[in-house]
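Asks: what follows is a predicted protein model with its sequence.
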Amino acid sequence: MVRKVVNNNSNKKLSFLYNTKIGRIILKPLVSNKFISSVIGFILSKKISCIAIKPFIKHNNIDMDYYEEKKYNSFNDFFTRKMKKEKIKIANDKNDFIAPCDSKLMVYNIDDNSIFNIKNTLYTVNSLVKNKNIAKEFTGGYALVFRLSPEDYHRYYFIDDGYVLKKYKINGYFHSVNPIVYDKYEVFKENARECTLLKTNNFEKLLYVEVGALLVGKINNYNIKKFNKGDEKGYFMFGGSTVIILVKKDIIKVDSKILKNSKLGYESYVKFGEKIAKRL
């Protein structure tokens, strides 16, 4: 079931960091220094970080009945928890285009100039993927932006059967993907990201772009050549992160509610495996 989510710009800590002069002075070494992010990641991988698990669950109202029962060795071990197989529901029709993760979704048209708008900031597809030939293939199609918040399930999946054509990494800064930062930084242009070009059985070529965020030191993609619908593609370590899927022109019809929400500037909350579009 698609649910509308109003973008929330009330995060006072992020507002201070991004919207004040002093905050931006503090922020600069944080986003440009991967060492700091690595240190935080190191701490969150240690046993002592387990003390943060219960407060995090309570604060974010996470229903642990959906996840595998185990004793966690660290906060990151908890953060990358796996969902129980019986709780995963995937739309099985081969023509169903499913959500690759639990997230907040915005959908954008890619116009003839390969430009789309995210929170009043224009992005060329080429600046996002750093490959003119790949960017050109998706002109006239859709950019589906799946934003994961810290409370979301941080594993993401393939949405169809197929195989990998090409994959590459783009280094960058680790800016937060919270909507509050969009007016100050070209978030998806500056963040570290990984790109995977796929050939799928039912949706032609797709491009996955995983975007790292502030305090996320690593995007963990598995070394997979061939895959089936619902196979796990990878996972993010701690922090809010984003998965972007580019779809070619005249391939899918996106759910009307999702398109309406996106045009109004709202995100739609979607669950992994849920049908969000249909093959034309």
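Replies: Right, received. Where do you want to start? Residues are numbered from 1 along each chain as shown.

Asks: center of the protein - which residue?
Replies: Residue closest to the mean C-alpha point of the chain, counted by Cα atoms, centre = their mean, is T242 at 2.0 Å.

Asks: skipping adjacent residues, who's closest to it in space?
Replies: V211 (4.1 Å; Cβ to Cβ, 6 or more residues apart in numbering). Where you see a C-beta, it was placed from the backbone N, CA and C, and this is true even at glycine.

Asks: which stretches of the stretch 1-150 of the chain form strands?
Replies: Secondary structure of the stretch 1-150 of the chain by DSSP state E, counting those that start in this stretch: the strands cover 3-5, 96-98, 103-109, 115-118, 121-124, 142-148.

Asks: ranking these by mean pLDDT, which is last?
Replies: Ranked by mean pLDDT, these bottom out at strand 115-118, with a mean of 55.

Asks: dump stretch 258-273 to CSV, restricted to CA.
Replies: Output in CSV follows, covering the C-alpha atoms of stretch 258-273 (Å, rounded to 0.1, in the frame of the first residue of the first chain):
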residue,chain,number,x,y,z
ILE,A,258,3.1,7.8,-6.6
LEU,A,259,3.3,10.1,-9.6
LYS,A,260,0.7,12.4,-8.1
ASN,A,261,2.5,12.6,-4.8
SER,A,262,5.8,13.3,-6.6
LYS,A,263,4.3,16.1,-8.6
LEU,A,264,3.0,17.7,-5.4
GLY,A,265,6.4,17.4,-3.8
TYR,A,266,5.6,14.5,-1.5
GLU,A,267,7.4,11.2,-1.0
SER,A,268,5.5,7.9,-1.0
TYR,A,269,6.4,5.3,1.6
VAL,A,270,6.9,1.9,-0.1
LYS,A,271,7.9,-1.5,1.2
PHE,A,272,10.3,-3.9,-0.5
GLY,A,273,8.5,-6.2,-2.9
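
Asks: can you list contacts of that stretch?
Replies: Residues outside stretch 258-273 that contact it (Cβ atoms under 8 Å, 6 or more residues apart in numbering): 2-7, 83, 88-91, 98-108, 146-147, 153, 155-157, 230, 257, 276-277.

Asks: okay, and for the stretch 51-200 of the chain, where does confidence drop off?
Replies: 112-123, 173-190 (pLDDT under 70).

Asks: show me the contacts for K249.
Replies: Listed by Cβ under 8 Å, 6+ apart, the contact set of K249 reads F138, T139, G140, G141.

Asks: redo that, cut-off 6 Å
Replies: By Cβ atoms under 6 Å, 6 or more residues apart in numbering, K249 lies in contact with G140, G141.

Asks: wait, a helix at it?
Replies: No. Assessed with DSSP: H, G, I helix; E, B strand; the rest coil, K249 is coil; it does not lie in a helix.

Asks: G141 contacts I110, doesn't it?
Replies: Yes. At 5.2 Å, G141 counts as touching I110 under the criterion of Cβ atoms under 6 Å.

Asks: could you measure from the nearest residue to D93 once chain neighbours are set aside over to I245?
Replies: Setting aside the residues directly before and after it, D93 is nearest to K275 in space (Cβ to Cβ, 6+ apart), at 7.8 Å. For K275, the distance to I245 equals 14 Å [Cβ to Cβ, to the nearest Å].
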